[in-house]
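J.: Fold the following for me, if possible:
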Amino acid sequence: MLKNRHCYFPFTTASLTEVFQFQSEGNDRLSPQEILANNPEIICNIPELEIGEISTPLIIRELSTNRGSIDILYITSNSDIIIIETKLYRNPESHRAVVAQVIDYVKALTQIDVDSLLNNALNSQYSDNEFKPDDYFISALRKNIVTGNFSVVIVGDNIHPNILGMTDSIQSAPHLAFTIYLVELAPRILDDNTILINPRLISKTNEVERSVIKLEISMSGSEISIDSSIPEKESKGSKPILSEEEYYSYVEKPEIVPIIRDFITSWRKKGGDIHMGTVGLSAGFEIEGRRIPIQQIYQKKVLILTERWKSNYGIDDVKYNNYKNYFKQYLPHLYDKYLIGNHVEVKFANIDSDELKKILNASFLIIENL
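T.: Numbering: from 1, shown residues only. Take a look at the predicted model:
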């Protein structure tokens with residue numbers, strides 16, 4: 001049996017508690033590729049990726065591109081794109097080449113036909129066959145593809161510590177907005193015939209230095225000068241991040257914009273931060289040395305914090321019980337339908353302004369006294 005928080009997978013021949021060794025990257029049902037294709041939450045639940053509780057309805061294995069086949073591709077319900085490349089530690093040659101390889105995939109994916117990609121994803125055996133992409137989803141997906149706004153996750157049983165030293169390859173894609181994450185699965189066999197996977201982030205290209213090319217041509221066209229430089233660390237590259245005002249202009253119900261504005265102002269006063277994304281924002285707070293995206297708000301929906309994500313974020317029981325009790329007292333219908341039902345996406349179309357305000361107010365219970 002394979003176990004990852006809420007994931008179980010049958011396994012029949014376990015011995016004593018010890019490190020488990022995958023036999024291949026993707027050729028059998030206990031390979032990391034097969035496990036991750038069937039259980040995207042193993043990766044998507046890692047808080048540092050800031051994907052949150054958004055569902056991952058579209059999953060493709062062995063996606064063919066003009067630079068080779070991508071091991072696994074996730075597309076979330078927010079049109080986030082996650083490239084998964086699996087490597088086993090015992091193959092050092094593959095580790096030396098893996099950064100160049102995934103950047104080739106990044107470049108290839110920016111050139112892919114979106115309609116063809118969607119058709120492939122919707123017909124994949126790993127995808128949710130009930131998912132129906134709307135125009136909003138497709139538009140955001142196109143935007144992410146054109147700009148290379150991808151999360152690239154290199155996953156291994158154990159991760160070689162020097163993988164991200166290969167900055168030359170990263171510099172070869174100066175116009176794209178990807179981030180590379182290194183994730184270690186650290187699988188072990190327990191004495192009750194269970195494989196335990198404990199995914200953890202080893203490192204990431206938090207601020208990839210991308211070269212900026214400046215081309216100057218004289219009025220006559222006879223002289224051309226080319227200059228290459230590295231941007232300041234504050235630069236956000238080409239990542240298609242919304243400004244706050246742009247986000248407000250896209251919110252589905254204009255009457256709720258003042259509520260979101262007030263929430264953001266209050267959150268910052270409490271010491272939290274706001275990260276703008278491509279389709280919304282996350283209100284975060286530093287807990288035990290890492291940023292936790294506690295409240296996420298998008299253009300058409302708001303997320304609530306469920307029991308599962310309380311555990312992932314390391315939120316203590318007292319604070320989460322206060323959060324739950326608040327919903328039970330002030331939003332009983334949402335408590336029953338969403339919080340207890342473990343459904344996190346609350347569409348603006350299904351709530352009024354007062355209910356949204358109460359949902360956002362509940363977030364402050366999590367950061368009290370922090």
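J.: For residue 183, list each beta-bridge partner.
T.: Going by DSSP bridges, residue 183 is paired in beta bridges with residue 155, residue 201.
J.: residues contacting it?
T.: Taking CB atoms under 8 Å, 6 or more residues apart in numbering as the criterion, residue 183 is in contact with 43, 46, 153-156, 159, 199-202. For glycine as for every other residue, the C-beta is placed from the backbone atoms N, C-alpha and C.
J.: Among the residues you listed, name the buried ones.
T.: 43, 46, 153-156, 159, 199, 201-202 (16 or more other CB atoms under 10 Å).
J.: if we can go back for a sec, dump the contacts of residue 183 to a markdown table, plus pLDDT and distance to residue 295.
T.: Output for the contacts of residue 183, formatted as a markdown table (pLDDT from 0 to 100; distance: CB to CB, whole Å):
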| residue | pLDDT | distance to residue 295 |
| --- | --- | --- |
| 43 | 91 | 22 |
| 46 | 84 | 18 |
| 153 | 92 | 24 |
| 154 | 91 | 29 |
| 155 | 90 | 28 |
| 156 | 85 | 32 |
| 159 | 73 | 31 |
| 199 | 88 | 24 |
| 200 | 84 | 24 |
| 201 | 85 | 21 |
| 202 | 82 | 27 |
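J.: wait, which of the residues you listed is closest to residue 63?
T.: residue 153 (14.4 Å; CB to CB).
J.: Next up, the contacts around residue 363.
T.: Residue 363 is in contact with 263, 267, 283, 294-295, 305, 323, counting by CB under 8 Å, 6+ apart.
J.: hang on, the earlier thing: mind giving me JSON lines with the buried ones among the contacts of residue 183 and columns for distance to residue 329?
T.: Shown next, in JSON lines, are these (distance: CB to CB, whole Å):
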{"residue": "43", "distance to residue 329": "36"}
{"residue": "46", "distance to residue 329": "32"}
{"residue": "153", "distance to residue 329": "40"}
{"residue": "154", "distance to residue 329": "45"}
{"residue": "155", "distance to residue 329": "42"}
{"residue": "156", "distance to residue 329": "46"}
{"residue": "159", "distance to residue 329": "45"}
{"residue": "199", "distance to residue 329": "36"}
{"residue": "201", "distance to residue 329": "36"}
{"residue": "202", "distance to residue 329": "42"}
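J.: can you give me the mean pLDDT across stretch 179-195?
T.: Averaged across stretch 179-195, pLDDT comes to 83.
J.: Over to stretch 280-296?
T.: What stretch 280-296 shows for mean pLDDT is 86.
J.: before we move on, what about stretch 145-152?
T.: Rounded mean pLDDT across stretch 145-152 is 89.
J.: returning to that earlier point: looking at the buried ones among the contacts of residue 183, which one is closest to residue 125?
T.: residue 43 (18.6 Å).
J.: Isn't that closest one up against residue 153?
T.: Yes: Residue 43 is within contact range of residue 153, at 5.8 Å (criterion: CB atoms under 8 Å).
J.: Which residues are in contact with each of these two?
T.: With CB under 8 Å, 6+ apart as the test, residue 43 and residue 153 both reach 49, 82, 84, 183.
J.: Domain map for this structure?
T.: The chain breaks down into these domains under automatic domain parsing: 2-204, 244-363.
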